[in-house]
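Undergrad: Based on what follows, work out the 3D shape:
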Amino acid sequence: MPKPPDIGGSEGQSQARLVPSNPRITRLATATQATVNGKPISQQRTKKELSKEQNNGEKSAEVSVRASAATCRPAVTLTALLQPIVEALYKILDGEDSPEHIIEGIFKYIKESEKVERATRATKERKEVQDKVSSMCKGFTAELGRLQEILDRRLDGIMGVVNVTLETSEKALKVAEEVKGNTQDIISKLGKVTNVADKIADTTQSYRDALVTRQTPLHKASADPKVLGDMDQRAKQLLIDVYSDEGDATLEKSLTEIITIANRVLDGMSDADKPEKVKVKAALKTKRHAILLMLSSKEAVNWIREVGNEETFADAFSKGVHIREREYILVAPRIPLTFEPDNQTHLREVEEANSLLSRSIRKARWIKPAGRRRTGQTHAHAILTITSVNIANKLIKDGVGICGSMIRPMKEKQEPIQCMKCRR
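TA: Sure thing, here's the model as predicted:
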């Protein structure tokens, strides 16, 4: 047997290592070689018996056949798979069956074995997959269980918050009911206060009422009856201004005709608030181109002075006339000298600054003439003429702002006309 080359050489990497000869292995290699060459086994035996010199060649052929068989052999290493193949090779060596038939059966068996092995491997893989899926399902089940526990805890917390919120809402509703009850009590008390305020407002005397109402018994004894009578007569008077030619024609008529015309107009007026026995008792022509009518009562004068009734009476009495408002005199102390009473612009500015009606301040004048003031004087008293009794009362109560100063006006005291000799 030739010596094998070194391991590190090029031949050692390509040639297979030889093993000691074995009779059974030798017969197997011979059968395989015969199968590859397509010759019968009996011929191979005859060649062995003819020449002993061919042993070395046969051994070399055995090595090459074993290498080629190892190269062409399927990659099956299981003992159960190789055992039938070995038995078939023994049959070939023993001559029990033809090599072609046996080799065909061997390859068929190998294919079937590969199919079985693939089926077994697929079954094993399916089992592994099922095991993995089972483990994943178990993991998912555990995770779902943990999630369920977390959700349960969260839901318990939410339910606790909802319960607290409901309790707070119930408390808030109770408080709201209590507040509602307290509000109703306050509203009832405010109603009582409003009623009291209305009573006070009804019983409070206005400028006109204070002017025409009789004084209390304490002052009546000291007051002149003539003054009281003049005040009562003044409250029954109605002054009519004439400002056109048609009004002049009415003014040229006699007093009797004027009284007749006025009574005819009053009789033709119908109103639910009309007082009883509204009559004109007397008439007088003034030097200022006006007519002064004396009515039967103060209520009749107040009724005629209402907005709708005043226009109706003036249009029916004569064209070109109107009813003049009575003037109310107020004394305003310590007004800055920067105020100019004769300037209508200043009067309108005072009305606008104090939210008064336009033309409600008819005129104003200084009480002391400007030439009699002392040197360095900065304030002086003045007299304001007001056209409305309500505005006069408002100015007396709240005051009036003039040139940046708050002025508290007072009602002018009416001194009775007396004789300079006898004081009567």
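Undergrad: Return the set of buried residues in the helix or strand that contains E351.
TA: E351 belongs to helix 344-353 when assigned by DSSP states H and E. Using 16 or more other CB atoms under 10 Å as the test for burial, helix 344-353 gives 346-347, 350-351. Placement of C-beta: from N, CA and C, glycine included.
Undergrad: Repeat that for stretch 369-380.
TA: A380.
Undergrad: coming back round to it: the helix holding E351: what's the following helix or strand?
TA: Assignment by DSSP H and E places the next element after helix 344-353 at strand 361-366.
Undergrad: Could you check the angle that next one makes with helix 344-353?
TA: Strand 361-366 runs at 120 degrees relative to helix 344-353, counting by axes from the mean of the first three to the mean of the last three CA atoms, to 10 degrees.
Undergrad: helices or strands up against the helix or strand in which E87 is found?
TA: Per DSSP H and E, E87 falls inside helix 79-94. On a contact count with 3 or more CB pairs under 8 Å, 6 or more residues apart in numbering; DSSP states H and E, helix 79-94 meets helix 23-37, helix 99-203.
Undergrad: just the strands in the stretch 201-350 of the chain please.
TA: Counting by DSSP state E, counting those that start in this stretch, one finds strands in the stretch 201-350 of the chain at the ranges 237-242, 280-285, 290-295, 321-323, 328-336.
Undergrad: and of the ones you listed, who's closest to K127?
TA: Smallest distance to K127 across the strands of the stretch 201-350 of the chain (CB to CB): 114.7 Å, for strand 328-336.
Undergrad: So for the closest one, what gets flagged as buried?
TA: Buried, per 16+ other CB under 10 Å, within strand 328-336: 328, 330, 332, 335.
Undergrad: That one pairs with which strands, and in what direction?
TA: strand 379-386 (antiparallel), strand 410-411 (antiparallel) (DSSP bridges).
Undergrad: Out of the ones you listed, indicate the one that is most buried.
TA: strand 379-386 (a mean of 18; mean count of other CB atoms under 10 Å).
Undergrad: Centre of the chain to that one, how far?
TA: 56 Å (CA atoms, centre = their mean, to the nearest Å).
Undergrad: Now do it: everything it contacts.
TA: Residues outside strand 379-386 that contact it (CB atoms under 8 Å, 6 or more residues apart in numbering): 327-337, 339, 341, 360-368, 373, 392, 395, 400, 409, 412.
Undergrad: Not counting sequence-adjacent ones, nearest residue to A88?
TA: In this structure, A88 finds its nearest non-sequential neighbour in I102, 4.8 Å apart by CB to CB, 6 or more residues apart in numbering.
Undergrad: Nice, that's everything, thank you.
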